[in-house]
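# dropping a prediction and its sequence here:
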Amino acid sequence: MKSLVIIPAFNEEENIEKVVEKIKSYGYDYLVINDCSSDNTANILKKNKYNHLDLSVNVGLAGVTRIGFMYGYDNDYDCIINVDGDGQHPVDKVNLLVEEIEKGYDYVVGSRFVTDKKPFSLRMIGSRLICGLIKLKTGKTVYDPTSGMRALGRKVIEEFSKGMNYYAEPDALCHILKKGYKVKEVQVEMLERQGGVSYFASPFKTVKYMVAEILSILFVQW
Amino acid sequence: MNNLQTLLLVVSVLVLVFVLWNIIKNQMNIRYAIIWILWAIGMVVISLFPSIMLWVTNILGIQTQSNAVFLITIFLLYILTFYLYLRISKNNEEITILNYEIASLKKLLEDKKDE
């Protein structure tokens, strides 16, 4: 089975070598997508001869993810794994996800709460709300709809590379369930953030994200 | 013709000239220009014959003419803005696809050079 790890990179000159070397050490095919970084990222990628795409225009994380799916589809990969560039996702657990794809699942999520209990923080209340909406819409129970660590099988790769609304995890998951694909959640422990600031540090962005997800699950994803 | 009507007429003619001049000078695609030309002509016509608005107001059953004007204008602007959003979304999609195509070609070229 041909598997591809996609690594979005925007101004990651400090981390990118570390991240890529780690993924290479596990023997996965990978693709770094440089989203028109203004720092030295492009040169580092070129110097090390990493497998990468250099975008001409900055398109943001959503666009980068989508381009990763397009590349995977065009190059006949059977499995794509999304791993965040900030080091929170455990690279050594990627094989657990790939194994499930090999078993015939279409969409596998690296989930924090399959066996572990979900805490009652403000953020997890948001997570519960999304779980509830997905349950309402699809009748299926999910534990960690916001997890960004996921593996996609061939059919899902094709669909995601052709549609524009599948970059955010919760509503993409809702769409996948609705369509009747086989979904599995695998327990993984996320690591502490190794640098940078969370997207959800800003209350405004958090509200925007929640509103977008709720509306998307309720009205857009069928 | 009272002062207000004269003022409205002058302004709407100026708007029509402004719109046409810009469409020609900046080479706006005719498909996008149609709505603006029609709207500008409409404004000139209504300034010349305000009774049209009175007629419309009565048909709609709105009490004052100004309210009818506001309602219709806001509705048109709403639709127009929505259409713009639709276009922007489509353009975004196209940019992403082109971006991918260009990056792929660059990669292919780079890989060829390395061989």
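Here it is on my side, so go on.

# what lies in contact with the strand or helix carrying A:Pro8?
Applying DSSP states H and E as the criterion places A:Pro8 in strand A:3-9. The contact list for strand A:3-9, computed with Cβ atoms under 8 Å, 6 or more residues apart in numbering or on different chains, reads A:16, A:19-20, A:23, A:28-35, A:37, A:41, A:45, A:52, A:61, A:64-65, A:68-69, A:71-72, A:75, A:77-83, A:85, A:94, A:98, A:101, A:151. In this view, the C-beta of every residue, glycine as well, is placed from N, C-alpha and C.

# what's the spacing between that strand and its chain's center?
Computed by Cα atoms, centre = their mean, to the nearest Å, the chain-centroid distance of strand A:3-9 equals 9 Å.

# also stretch B:55-66?
How far stretch B:55-66 lies from its chain's middle: 25 Å, per Cα atoms, centre = their mean.

# bridging residues for the closest residue to chain B within chain A?
Using Cβ to the nearest Cβ, the single residue of chain A nearest to chain B is A:Leu53, 4.0 Å away. Here A:Leu53 sits in beta bridges with A:Ile33, going by DSSP bridges.

# burial check on it, number of neighbours?
24 (other Cβ atoms under 10 Å in any protein chain shown).

# OK, contacts around it?
Counting by Cβ under 8 Å, 6+ apart, A:Leu53 has contacts A:Leu31, A:Val32, A:Ile33, A:Asn34, A:Ile67, A:Tyr71, B:Tyr100, B:Ala103, B:Ser104, B:Lys106, B:Lys107.

# redo the residues you listed as a markdown table? Include secondary structure, neighbour count and pLDDT.
Formatted as a markdown table, the contacts of A:Leu53 follow (DSSP: H, G, I helix; E, B strand; the rest coil; neighbours: other Cβ atoms under 10 Å in any protein chain shown; pLDDT from 0 to 100):
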| residue | secondary structure | neighbour count | pLDDT |
| --- | --- | --- | --- |
| A:Leu31 | strand | 21 | 95 |
| A:Val32 | strand | 25 | 93 |
| A:Ile33 | strand | 26 | 94 |
| A:Asn34 | strand | 24 | 93 |
| A:Ile67 | helix | 26 | 95 |
| A:Tyr71 | helix | 23 | 96 |
| B:Tyr100 | helix | 24 | 96 |
| B:Ala103 | helix | 22 | 96 |
| B:Ser104 | helix | 16 | 96 |
| B:Lys106 | helix | 15 | 94 |
| B:Lys107 | helix | 16 | 94 |
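
# hmm, A:Thr146 and A:Pro170 touching each other?
Yes - A:Pro170 is within contact range of A:Thr146, at 5.8 Å (criterion: Cβ atoms under 8 Å).

# overlap of the contact sets of these two?
Listed contacts common to A:Pro170 and A:Thr146 are A:Ile130; contacts here mean Cβ under 8 Å, 6+ apart.

# ok, those two, which is more surrounded?
Between A:Pro170 and A:Thr146, counting by other Cβ under 10 Å, A:Pro170 is the more crowded of the two (27 against 21).

# what's the helix or strand for the more buried one?
Residue-wise, A:Pro170 maps onto helix A:169-178 under DSSP H and E.

# contact residues of chain B facing chain A?
Taking Cβ under 8 Å from any Cβ of the partner chain as the criterion, the neighbours of chain A within chain B are B:89, B:92-93, B:95-97, B:99-100, B:102-104, B:106-107, B:110, B:114.

# try it again at 10 Å.
Residues of chain B lying close to chain A by Cβ under 10 Å from any Cβ of the partner chain are B:89-90, B:92-93, B:95-104, B:106-107, B:110-111, B:114.

# about what we covered before: the helix holding A:Pro170 near chain B at all?
No - interface with chain B: helix A:169-178 contributes nothing (Cβ under 10 Å from any Cβ), its closest point being 15.9 Å away.

# can you list the buried residues in the helix or strand following that helix?
Downstream of helix A:169-178, the first helix or strand assigned by DSSP H and E is strand A:183-187. Residues of strand A:183-187 classed as buried: A:Val183, A:Lys184, A:Glu185, A:Val186 (neighbour count, 16 or more other Cβ atoms under 10 Å in any protein chain shown).
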